[in-house]
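Engineer: here are the coordinates; sequence isn't available:
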């Protein structure tokens, strides 16, 4: 999995009572996120936020590496709406030509995935700092999915001790490719 990119309304969400708002899922036409985002900003101001999680992946085309963006959930748009005015939002989004279908409220598992994606993105954007002795999970790069212990720290990277094939190896990893355990 590559870098995660969260596209949304760029609103700052302050303290909201989770009982008053619910995440819902709509299906949208392929490649129309920016149109829908503008429509929501212009016509459906009561929507608190929307999330269209994507990942950046490396693709080899004609012996060159290109970075492409691919949705984590193809054509699914996650929308945070206020419960008391939900019916009005459903009508406005269903009437818009680039949203094709209302799926329903997001399940607890969907919400946890979204929250984890947002946490990873926030962590990566804050120039993470790690210290010697901390246990980390590698969330990017060739050793993604493994865990290790930090044995050295540099300005933008850290040396991580990882057990691989019954051997201990040292890997110099960028800090954005690690997360604390």
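Structural biologist: That came in fine, so what should we check first? These numbers come from a predicted model, not from an experiment. Residues are numbered from 1 along each chain as shown.

Engineer: how close does residue 163 get to residue 59?
Structural biologist: 31 Å (CB to CB, to the nearest Å). Quick note: C-beta positions are derived from backbone N, CA and C, even for glycine.

Engineer: in the protein, which spans are strands?
Structural biologist: Along the chain, the stretches classed as strands by DSSP state E are 3-7, 21-28, 49-61, 64-71, 76-82, 99-105, 135-138, 147-153, 157-164, 167-174, 178-180.

Engineer: Give me the neighbour count for residue 66.
Structural biologist: A count of nearby residues for residue 66, using other CB atoms under 10 Å, gives 10.

Engineer: Residue 104 is in contact with residue 24, isn't it?
Structural biologist: Yes - applying CB atoms under 8 Å, one finds residue 104 in contact with residue 24, separated by 6.9 Å.

Engineer: quick one: which of these two has more around it?
Structural biologist: residue 24 (21 against 9).

Engineer: close enough to count as contact, the more buried one and residue 107?
Structural biologist: No - using CB under 8 Å, residue 24 makes no contact with residue 107, being 11.1 Å away.

Engineer: quick revisit: right, and the strands of the chain - which one's nearest residue 34?
Structural biologist: strand 3-7 (8.3 Å; CB to CB).

Engineer: Check the average confidence over the closest one, would you?
Structural biologist: Regarding strand 3-7, the rounded mean pLDDT is 47.

Engineer: What of stretch 69-86?
Structural biologist: Mean predicted lDDT for stretch 69-86 stands at 80.

Engineer: Distance from the chain centre to that stretch, please.
Structural biologist: Its chain's C-alpha centre and that of stretch 69-86 lie 12 Å apart, by CA atoms, centre = their mean, to the nearest Å.
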